[in-house]
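# sequence and predicted structure, then a few things I'm wondering about:
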Amino acid sequence: MRRLSPGLVLLRATAVVALVLLLWNPTSTRAIAPDVQPIVLLDASLSMTSGWRAALDSARAVAGRGGALVWRFGDRVAAFDSGAPAEGTSHLAPALDAAAARGGEVIVVTDGAVDDAAAMPPDLRRRPRVVLVPRPPFFDAFVASVDGPRRVTSTDTVRLRVSYGTAGMRDARGGIREATLTLNVEGRRVLARRVTLPDSGTVSTDLTYPASRLPHPGWSVLDVRLDGVGDAEPRDDARRFVVEVSPQPAAVLFASPPDWETRFLARALSDVARIPVKTFVETEPGRWRDAATLAPATPADMQRAAQSARLVALAGDPERSRAFVPPAAALLAWTTARGQAGDWYVERPSPSPLTAALAGVAWDSLPPAVAAGETPRDSGVITVLTARLARRGSPRPVWGAGGGGGGGRRATVAAAGLWRWAFRGGAAAEAYRALIAGLTDWLLGAGEGRRERAVPVALETPNGLPLSWRWTGAGEPRPLPIDLQGERGARRDTLRFDAAGRAELRLPPDAYHYSLGTVPSATERGVVVVEEYSDEWRPAAPSLAAQPGLPAERVDRIGLRDRWWLFAIAIAAFAAEWAWRRRQGLP
């Protein structure tokens with residue numbers, strides 16, 4: 001046996017090592033110069049108003065040196081526009097994500113008051129070069145929020161919860177401590193109260209007034225304002241609040257005893273059905289109170305309220321308040337005080353006039369009811385929903401509907417614990433809304449309670465933020481024409497809904513009376529407000545400091561298979577070994 005020469009062994013080893021490296025394909029990295037133009041992110045939020053000219057000069061100077069691209073950011077990311085800043089928030093992360101993905105240099109021009117700076121990943125926050133255009137310090141008094149009932153009757157007493165406060169450096173010479181909190185409607189003062197301003201932060205107080213002071217039934221826009229503060233920023237001294245006044249309640253709820261079910265039911269009736277609701281609660285046997293004020297209510301008061309209502313709801317133990325129900329009113333009896341305890345899972349609806357209103361509900365993902373009773377078994381009662389104990393055994397009817405002959409329509413719900421659907425949120429909360437809306441719509445038949453095709457998510461929105469609308473009609477969302485009549489003129493637009501059923505309108509500050517569709521119904525009208533107020537007007541400590549940023553480099557990963565010379569070495573080694581062996585007469 002002939003011994004191989006060291007040269008042949010070396011050639012064979014070289015070829016095998018090269019082949020193994022090609023199969024393994026290890027990678028290495030290298031920094032390469034960016035081949036994209038730099039990006040300047042210009043803060044276009046309302047807080048930049050005072051320093052906008054300096055911010056424009058800084059952005060143009062930076063962009064001019066390197067031919068940079070300029071984007072505006074705030075509530076959204078937009079192309080460069082030298083117009084005045086108009087965004088109601090300072091969200092930098094979406095713009096910084098998009099700019100950093102391009103690989104070039106990123107420069108941020110801002111006053112430093114960025115809302116989402118703390119939530120940004122550290123590496124992304126260190127990425128840009130930051131140029132600060134700071135706001136001068138100033139003292140500001142503001143009205144932070146207004147909360148209260150949306151729909152009231154002309155005999156109600158309305159209680160508004162108002163939060164107000166101060167921020168910034170107080171003028172030591174002025175020592176402003178006292179102010180007047182006023183409530184105005186259509187230029188007329190309804191209420192005034194002297195308040196003491198805090199040294200910093202916010203405090204809350206209640207403003208109480210009779211609804212009869214509002215000039216007319218229907219929609220009204222309340223203006224809650226701080227007067228006599230003399231601060232440097234007057235645009236956040238007032239908030240607006242939309243309220244609807246009706247001569248009589250469209251619905252009356254008797255809760256005996258009051259519990260979580262009745263609380264969520266009252267809120268859903270007012271919110272989803274968009275009708276004023278009057279609630280009475282039996283806090284002790286035989287003692288009834290107004291749920292809004294906790295003032296004692298006499299049987300005559302409750303009888304009078306129920307006589308003028310189109311819908312009466314009896315919750316808890318319906319028999320304790322059935323005597324107040326007029327014959328012509330629609331009746332909802334929701335039994336929560338009796339029933340068999342357990343985990344009762346509501347099943348898909350049976351064929352009925354309400355099946356369409358409940359389409360799209362994911363019944364298998366809903367929390368179970370905690371108890372189930374019995375619904376009436378009259379021949380005229382249609383079973384709408386059933387439930388099974390622990391998903392086993394025979395189904396039990398928990399929602400029956402009927403009536404509509406000489407008197408009003410009747411519906412009975414015999415399940416307790418459905419409020420947990422609304423409490424969970426998400427799809428379960430939407431299922432609860434659909435149940436209450438479909439139930440109310442069927443009971444009232446037409447007019448009040450008929451579901452609109454779209455409703456505003458909030459009746460007021462701060463300056464610089466869009467008005468949001470939610471699709472509530474049947475079927476897939478479709479574009480809806482909308483007419484808006486404001487104090488500064490009329491305009492016509494279109495609500496275009498996304499896949500989630502949401503639409504947005506960006507409007508200048510004003511109070512708008514709106515109507516939906518080419519021939520809107522009476523319930524597709526209302527009032528929405530874009531306020532002059534914005535959180536951006538208030539002084540805020542910078543959350544982003546000036547920084548040089550990281551070098552604008554991109555890292556490239558290169559595998560050994562991307563290097564041509566390794567293939568050449570393997571081929572050359574195998575070819576040389578073969579030629580050498582042939583020359584020596586080896587196989």
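Looks like it came in fine.
# where along the chain do the helices fall?
In the chain, the segments counted as helices under DSSP state H are 6-24, 52-66, 93-102, 122-126, 260-272, 299-307, 419-424, 426-444, 564-583.
# those helices: which one's closest to P539?
When those are compared by Cβ to Cβ, helix 52-66 sits nearest P539, at 16.9 Å. From N, CA and C alone the C-beta is placed, and that goes for glycine too.
# now that closest one: buried residues?
W52, A55, L56, S58, A59, R60, V62, A63 (16 or more other Cβ atoms under 10 Å).
# so the last one makes contact with L56?
No. Judged on Cβ atoms under 8 Å, A63 makes no contact with L56 at a distance of 10.4 Å.
# one step back: turn the helices of the chain into CSV, columns for mean pLDDT.
Formatted as CSV, those follow (pLDDT from 0 to 100):
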stretch, mean pLDDT
helix 6-24, 81
helix 52-66, 86
helix 93-102, 89
helix 122-126, 89
helix 260-272, 87
helix 299-307, 88
helix 419-424, 91
helix 426-444, 86
helix 564-583, 83
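# now render these as CSV, adding distance to P551.
Output for the helices of the chain, formatted as CSV (distance: least, Cβ to Cβ, whole Å):
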stretch, distance to P551
helix 6-24, 32
helix 52-66, 14
helix 93-102, 13
helix 122-126, 11
helix 260-272, 54
helix 299-307, 72
helix 419-424, 48
helix 426-444, 44
helix 564-583, 30
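# looking at the buried residues of helix 52-66, which is nearest N463?
Nearest to N463 among the buried residues of helix 52-66, counting by Cβ to Cβ, is W52 at 15.5 Å.
# isn't P539 up against P136?
No. Counting by Cβ under 8 Å, P539 does not reach P136; the two are 9.5 Å apart.
# of those two, which one has the most company?
Between P539 and P136, counted using other Cβ atoms under 10 Å, P539 has the larger neighbour count: 19 against 8.
# pull the number of nearby residues for the residue nearest to the more buried one when sequence neighbours are not counted.
Closest residue to P539 apart from its sequence neighbours, by Cβ to Cβ, 6 or more residues apart in numbering: G168 at 3.9 Å. Neighbours of G168 under the rule other Cβ under 10 Å: 18.
# which strand residues bridge G168?
Counting by DSSP bridges, G168 is bridged to F139.
# and it, what's its pLDDT?
pLDDT recorded at G168 is 84.
# which non-adjacent residue is nearest the residue nearest to the spatial centre of the chain?
By Cα atoms, centre = their mean, the chain has its centre lying nearest to V457, at 7.7 Å. Closest residue in space to V457, ignoring its immediate chain neighbours: S468 at 4.1 Å, by Cβ to Cβ, 6+ apart.
# for the spatially closest residue to K278 that is not a sequence neighbour, give me its contacts.
Once flanking residues are discounted, K278 sits nearest to P249: 3.9 Å by Cβ to Cβ, 6+ apart. Contact analysis of P249 by Cβ atoms under 8 Å, 6 or more residues apart in numbering lists T153, P276, V277, K278, A305, S308, A309.
# residues touching the residue nearest to the centre of the chain, list them.
Taking Cβ under 8 Å, 6+ apart as the test, what V457 contacts is S468, W469, R470, R502.
# tell me how many other residues surround the last one.
A total of 16 residues lie near R502 under the criterion other Cβ under 10 Å.
# nearest to P210, of the helices of the chain?
Nearest of the helices of the chain to P210, taken as Cβ to Cβ: helix 299-307 at 15.8 Å.
# off-centre distance for the closest one?
Distance of helix 299-307 from the chain centroid (Cα atoms, centre = their mean, to the nearest Å) equals 38 Å.
# do the same with stretch 360-373
25 Å.
# gap between the two ends of it?
One end of stretch 360-373 to the other measures 26 Å (Cα to Cα, to the nearest Å).
# buried stuff in it?
V361, L366, P367, P368, A369, V370, A371, A372, G373.
# ok so, going back, can you tell me which of the buried residues of helix 52-66 is closest to G400?
Nearest to G400 among the buried residues of helix 52-66, with distances taken as Cβ to Cβ, is W52, at 63.4 Å.
# who's in contact with M302?
V252, F254, F280, W288, S321, F324.
# of the residues you listed, which belong to strands?
Residues of the contacts of M302 located in strands (DSSP state E): V252, F254, F280, W288.
# distance to R492 for these - can I get that in CSV?
Shown next, in CSV, are the ones in strands among the contacts of M302 (distance: Cβ to Cβ, whole Å):
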residue, distance to R492
V252, 39
F254, 44
F280, 44
W288, 49
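# any chance of those residues in CSV, plus neighbour count, distance to A117 and pLDDT?
Below are those laid out as CSV (neighbours: other Cβ atoms under 10 Å; distance: Cβ to Cβ, whole Å; pLDDT from 0 to 100):
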residue, neighbour count, distance to A117, pLDDT
V252, 27, 50, 91
F254, 28, 51, 94
F280, 22, 49, 93
W288, 22, 53, 93
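# which of those sit farthest apart?
The most widely separated members of those, counting by Cβ to Cβ, are V252 and W288 (11.8 Å).
# joint contacts of those two?
Common contact partners of V252 and W288 (Cβ under 8 Å, 6+ apart): F280, M302.
# any idea which helix or strand of this structure has the worst average confidence?
Using mean pLDDT, DSSP states H and E, the weakest-scoring helix or strand in the chain turns out to be strand 27-32, at a mean of 64.
# so V195 makes contact with Y164?
Yes. At 7.0 Å, V195 counts as touching Y164 under the criterion of Cβ under 8 Å.
# what do those two both touch?
The contact sets of V195 and Y164 overlap at L181, T205 (Cβ under 8 Å, 6+ apart).
# neighbour-wise, which of these two wins?
Y164 (25 against 15).
# give the bridge partners for the more buried one, please.
V143, V203.
# who are the neighbours in contact with it?
Neighbouring residues of Y164 by Cβ under 8 Å, 6+ apart: A141, F142, V143, A144, L181, V195, L197, T202, V203, S204, T205, L226.
# per-residue pLDDT, it?
Note on Y164: pLDDT of 96.
# next one: Q547
On pLDDT, Q547 comes in at 91.
# burial count for G473?
For G473, using other Cβ under 10 Å, the count is 16.
# which non-adjacent residue is nearest it?
With sequence-adjacent residues excluded and distances taken as Cβ to Cβ, 6+ apart, G473 is closest to R453, at 3.5 Å.
# what's the burial count for the one you found?
For R453, the tally of surrounding residues (other Cβ under 10 Å) stands at 20.
# my read: it touches W469, true?
No. In this structure, R453 is not within contact of W469 by Cβ under 8 Å, at 9.8 Å.
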